[in-house]
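Trainee: Here is a sequence together with a model predicted from it:
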Protein chains: 2
Amino acid sequence: MTLAEENYLKAIFHLELETAGEISTNAIAERMDTKPSSVTDMVQKLSEKKLLIYKRYKGVSLTEAGRKVAAGVIRKHRLWEVFLVEKLNFHWDEVHEIAEQLEHIQSEELITRLDQFLGSPDFDPHGDPIPDKHGVLKRTEKKLLSEIEKNQQGICVGVKESSPEFLQYLDKKKVSIGTKITVLGKEFFDGSMIIQVFDDQFFISKTVAENIYVQTI
Amino acid sequence: MTLAEENYLKAIFHLELETAGEISTNAIAERMDTKPSSVTDMVQKLSEKKLLIYKRYKGVSLTEAGRKVAAGVIRKHRLWEVFLVEKLNFHWDEVHEIAEQLEHIQSEELITRLDQFLGSPDFDPHGDPIPDKHGVLKRTEKKLLSEIEKNQQGICVGVKESSPEFLQYLDKKKVSIGTKITVLGKEFFDGSMIIQVFDDQFFISKTVAENIYVQTI
DNA sequence: ACATATTTTTAGATTTGCCTAAAAATATAA
DNA sequence: TTATATTTTTAGGCAAATCTAAAAATATGT
Ligand SMILES: [Mn+2]
Ligand SMILES: [Mn+2]
Ligand SMILES: [Mn+2]
Ligand SMILES: [Mn+2]
């Protein structure tokens, strides 16, 4: 597997989780910040390697083999993110770029030992689940903060968007994984909310509420 | 810096330590397991980037900039080897291939923190010195076991060759970094030796003796 | 010194992954 | 349903890093 191939499989894997049905060339190109013609080239190659099913003009879907490769890369990415945060004291908004590189290091044994060293974590620093060694990704019950009603409470268990900018915003508001959030008010008109975090009460936009995952309590 | 460029600079750096004078195209090709014509292409590119001095038919020598890049890559390689052995419990004969990949991860901050996490080690698991953050490599006093005379003693401080095969041979003989070695006999004819390691006395060839570094005591 | 051997460079291809521009297929809308 | 817009593919090229084969420069031995 080359670096480029791994990145394509990973992107398609993520798109399949977010999207119903076949994944279009354009969607992949947008996600990967490249041109549709480049995507066509690559999916033809991956199709020959039996990592995905491709029908001209009809989009692609991963085969079991392709899904496994993708899950393996995501497993590595997330384990390295845990390492960077837990062991090297990086902040959660600093690790993604470095993990993008580390996820391509090839060594079964390395990942086995890294996983052990980290205590076989189930989630990465952004609350995303870590696939097991067979590529199985267990889904947990969680909803978006925007779906929570007034006077209900939730524990933050993850973020949908994990750009440094958004994560730094959450820091400023003292929201991190495990933080209790109480919805004090919800504006019907624009979906904005007043929430309480520890002793602070403040306003958040619908956009923010749609990017925080919670478990209701 | 691309991966290929970094590997060329690293190879030339090592060749300069081992060789007097200019480094030939052929020497680089042999070290890198590639063809001389490929080397010519690459050194022309690196020359344009001012990372080395190249004169047609005359060989190359690193500039200060090139030396710094090379030392940086070697620093990363050796720090990662320490990590793999000290933290992930890899054996010293298993880490080189993985470090060959990890040495190309780009992040100043990562190396700063990794170094800290490891307690700023001075040597890697094979006894090789780790360049500091400015690319300075301090040389320590050491000689080859083959240079030691009969009845003298030395502490193993490193290995010249560090292939898995050789390291596994040393393991079998219970020789590792820090091990005391006593030369009980030395054959003038072929340079072979009888040495004592802990309570064992055994024969070693000149080849073996020429690949173990010791400090006399 | 001169022929021969060796080293090094050049010329021309190849592979991977990407691009732009144009053509072909598909979707949408009057 | 036919024209228009959008999506997707094809055609042709480019840059990086490699290769083989041939030419050029340098080294060596008698
Ligand atoms: Mn990430
Ligand atoms: Mn993550
Ligand atoms: Mn090594
Ligand atoms: Mn080493």
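Mentor: Thanks, I have the structure now. Ligands and ions are numbered 1, 2, ... in the order given.
Trainee: got the CA coordinates for stretch A:177-187 in PDB?
Mentor: C-alpha atoms of stretch A:177-187 as PDB (Å, rounded to 0.1, in the frame of the first residue of the first chain):
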ATOM      1  CA  ILE A 177     -14.300  15.100  26.700                       C
ATOM      2  CA  GLY A 178     -16.200  14.200  29.900                       C
ATOM      3  CA  THR A 179     -17.500  17.600  30.600                       C
ATOM      4  CA  LYS A 180     -21.100  17.900  31.800                       C
ATOM      5  CA  ILE A 181     -23.300  20.300  29.700                       C
ATOM      6  CA  THR A 182     -26.700  21.500  30.800                       C
ATOM      7  CA  VAL A 183     -29.000  23.100  28.200                       C
ATOM      8  CA  LEU A 184     -30.600  26.100  29.900                       C
ATOM      9  CA  GLY A 185     -32.300  27.500  26.900                       C
ATOM     10  CA  LYS A 186     -32.800  26.700  23.200                       C
ATOM     11  CA  GLU A 187     -33.900  29.200  20.600                       C
END
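Trainee: what's next to it, contact-wise?
Mentor: Contacts to stretch A:177-187, defined as Cβ atoms under 8 Å, 6 or more residues apart in numbering or on different chains, come from residues A:123, A:125-127, A:145, A:148-158, A:175, A:192-198, A:201, A:212, A:214, A:217. Where you see a C-beta, it was placed from the backbone N, CA and C, and this is true even at glycine.
Trainee: residues touching residue A:49, list them.
Mentor: Contacts of residue A:49 by Cβ under 8 Å, 6+ apart are residue A:5.
Trainee: Local confidence estimate at the closest residue to residue A:153 other than its chain neighbours?
Mentor: Closest residue in space to residue A:153, ignoring its immediate chain neighbours: residue A:182 at 4.8 Å, by Cβ to Cβ, 6 or more residues apart in numbering or on different chains. pLDDT recorded at residue A:182 is 98.
Trainee: From residue A:76, how far out is the residue nearest the centre of chain A?
Mentor: Centroid-nearest residue in chain A, with Cα atoms, centre = their mean: residue A:128, separated by 5.6 Å. Per Cβ to Cβ, to the nearest Å, residue A:128 is found 13 Å from residue A:76.
Trainee: ditto for residue A:17
Mentor: 18 Å.
Trainee: Which residue of these two possesses the greater neighbour count?
Mentor: residue A:76 (24 against 9; other Cβ atoms under 10 Å in any protein chain shown).
Trainee: Report the contact partners of the more buried one.
Mentor: By Cβ under 8 Å, 6+ apart, the contact list for residue A:76 reads A:102, A:103, A:104, A:105, A:111.
Trainee: same check, this time on residue A:39
Mentor: Applying Cβ under 8 Å, 6+ apart, the residues near residue A:39 are A:8, A:25, A:26, A:28, A:29, A:32.
Trainee: The fourth one and residue A:8 touch, don't they?
Mentor: Looking back up the chat, that one is residue A:28. Yes: the criterion here is Cβ atoms under 8 Å, and residue A:28 meets it with residue A:8 at 7.2 Å.
Trainee: Which residues of chain A lie near chain B?
Mentor: A:84, A:87-90, A:94, A:97-98, A:101-102, A:105-107, A:109-110, A:113-114, A:117 (Cβ under 8 Å from any Cβ of the partner chain).
Trainee: Show me the strands in chain A, by range?
Mentor: A:52-55, A:59-62, A:143-144, A:153-159, A:180-186, A:193-197, A:200-204, A:212-216 (DSSP state E).
Trainee: and the last one, what other elements does it pack with?
Mentor: Under the contact criterion of 3 or more Cβ pairs under 8 Å, 6 or more residues apart in numbering or on different chains; DSSP states H and E, strand A:212-216 touches strand A:143-144, strand A:153-159.
Trainee: ok now stretch A:154-169, how far from the chain's centre?
Mentor: Relative to its chain's centre, stretch A:154-169 lies at 11 Å (Cα atoms, centre = their mean, to the nearest Å).
Trainee: how about it: buried residues?
Mentor: A:154, A:156, A:157, A:158, A:159, A:162, A:166, A:167 (16 or more other Cβ atoms under 10 Å in any protein chain shown).
Trainee: any idea how far residue B:136 is from the fourth one?
Mentor: This means residue A:158. In terms of Cβ to Cβ, residue A:158 sits 44 Å off from residue B:136.
Trainee: again, but for the fifth one
Mentor: Distance check for residue A:159 against residue B:136: by Cβ to Cβ, it reads 42 Å.
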